[in-house]
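*Asks:* I would like the atomic coordinates for the input below:
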Amino acid sequence: MMNPEMNPENIAAQLCQFARTNFVAEGQEFDENSPLSQAGIDSFALVELLLFCERVVGVRVPDSHLTGANLTSMFTLANCIADLARNGESAS
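*Replies:* Residues are numbered from 1 along each chain as shown. Sure, this is the predicted structure:
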């Protein structure tokens, strides 16, 4: 059974909050379905976001999972992270 915090909706909410605090311009609309590029998430910001995942969510996203499909939106990234968590991937 998956930890309730590890469901994609909860992960996406955490990622969105982090992005709004750190990357998204004030007053700009941004949610879990918004394109990551809309949040101003470039390669440097993506590294910060992935480090946040390791620290807070406890899942390391391997380079092999950094695909266009997984990086479309916070929700697609959250689905990837939830799948990794289900499969026993961790940041340890």
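*Asks:* so where's this structure shaky on pLDDT?
*Replies:* Along the chain, the parts satisfying pLDDT under 70 run over 1-5, 89-92.
*Asks:* which residues sit against the longest helix along it?
*Replies:* Looking only at the chain and at elements set by DSSP state H, the helix with the highest residue count is helix 8-22. Around helix 8-22, the neighbours that count as contacts under CB atoms under 8 Å, 6 or more residues apart in numbering are 4-5, 30-32, 39, 41, 45, 48-49, 52-53, 56-57, 74-75, 77-79, 81-82. Every C-beta, even on glycine, is put in place using the N, C-alpha and C of the backbone.
*Asks:* And the residues you listed, which of them are buried?
*Replies:* 30, 32, 39, 41, 49, 52-53, 57, 74-75, 77-79, 81-82 (16 or more other CB atoms under 10 Å).
*Asks:* show me where this structure has strands.
*Replies:* The residue ranges that make up strands in the chain, judged by DSSP state E, are empty, as it has none.
*Asks:* buried residues in stretch 10-27?
*Replies:* Counting neighbours by 16+ other CB under 10 Å, the buried set in stretch 10-27 is 11, 12, 13, 14, 15, 16, 18, 19, 23, 24.
*Asks:* Need these in CSV (columns: distance to residue 62).
*Replies:* Supplementary listing: the buried residues of stretch 10-27 in CSV, determined by distance: CB to CB, whole Å:
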residue, distance to residue 62
11, 16
12, 20
13, 23
14, 20
15, 17
16, 22
18, 20
19, 21
23, 22
24, 26
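*Asks:* Using PDB, list the CA coordinates for stretch 25-32.
*Replies:* What follows is the C-alpha trace of stretch 25-32 in PDB, where atoms were taken according to Å, rounded to 0.1, in the frame of the first residue of the first chain:
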ATOM      1  CA  ALA A  25       6.700  35.200 -11.100                       C
ATOM      2  CA  GLU A  26       4.400  36.800  -8.600                       C
ATOM      3  CA  GLY A  27       0.800  37.000  -9.800                       C
ATOM      4  CA  GLN A  28       1.400  34.400 -12.500                       C
ATOM      5  CA  GLU A  29      -1.100  31.500 -12.700                       C
ATOM      6  CA  PHE A  30       0.600  28.200 -12.200                       C
ATOM      7  CA  ASP A  31      -0.800  24.800 -11.200                       C
ATOM      8  CA  GLU A  32       0.100  21.100 -11.500                       C
END
